[in-house]
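Peer 1: model this:
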Amino acid sequence: MDTVNKVYVANFAGHDHSEASAWGELVMVTIGFVNYESLDRLKFRITEELKEYKEDDWLLLSGTNIINVFCAVIIYHKHQKVKILSYNKNKREYKEVILSEQSLGQIVSVLEEE
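Peer 2: I've put the predicted structure just below:
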């Protein structure tokens, strides 16, 4: 039986992400306003929502930076790879970005050359 990939939307705040369903079933990690008073509670909440994230799923960047960072770091820690969908407002399309141990190693090696 084939499993459908999922697209985890970091923060759903009313934007139309329906085009991203071409990559898989949409799953909301957080919804609406998120209280930043307790970042530990936010990290725990995000971790709970990402428990079912599989290596071939996608993270759709949406909402504030801290939510996107927490999601990406948690996913990367679990799979040593995170597949990201980033929306380009000008082109009105999603761009795929894949961060893996290999691609990050290449980035870090450039930094070490300086």
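
Peer 1: next, the contact list for the residue most central in space within the chain, please.
Peer 2: By CA atoms, centre = their mean, the chain has its centre lying nearest to residue 59, at 2.7 Å. Residue 59 makes contact with 7, 8, 10, 68, 71, 72, 75, 82, 83, 84, 85, according to CB atoms under 8 Å, 6 or more residues apart in numbering. Backbone N, C-alpha and C define where each C-beta goes, glycine included.

Peer 1: go on, residue 31?
Peer 2: 11, 12, 13.

Peer 1: mind checking how far the last one is from residue 28?
Peer 2: When CB to CB, to the nearest Å is the yardstick, residue 13 and residue 28 sit 10 Å from each other.

Peer 1: export the contacts of residue 59 as JSON lines, with columns for neighbour count.
Peer 2: Putting the contacts of residue 59 into JSON lines (neighbours: other CB atoms under 10 Å) gives the following:
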{"residue": "7", "neighbour count": "20"}
{"residue": "8", "neighbour count": "23"}
{"residue": "10", "neighbour count": "25"}
{"residue": "68", "neighbour count": "19"}
{"residue": "71", "neighbour count": "28"}
{"residue": "72", "neighbour count": "16"}
{"residue": "75", "neighbour count": "23"}
{"residue": "82", "neighbour count": "23"}
{"residue": "83", "neighbour count": "19"}
{"residue": "84", "neighbour count": "19"}
{"residue": "85", "neighbour count": "22"}
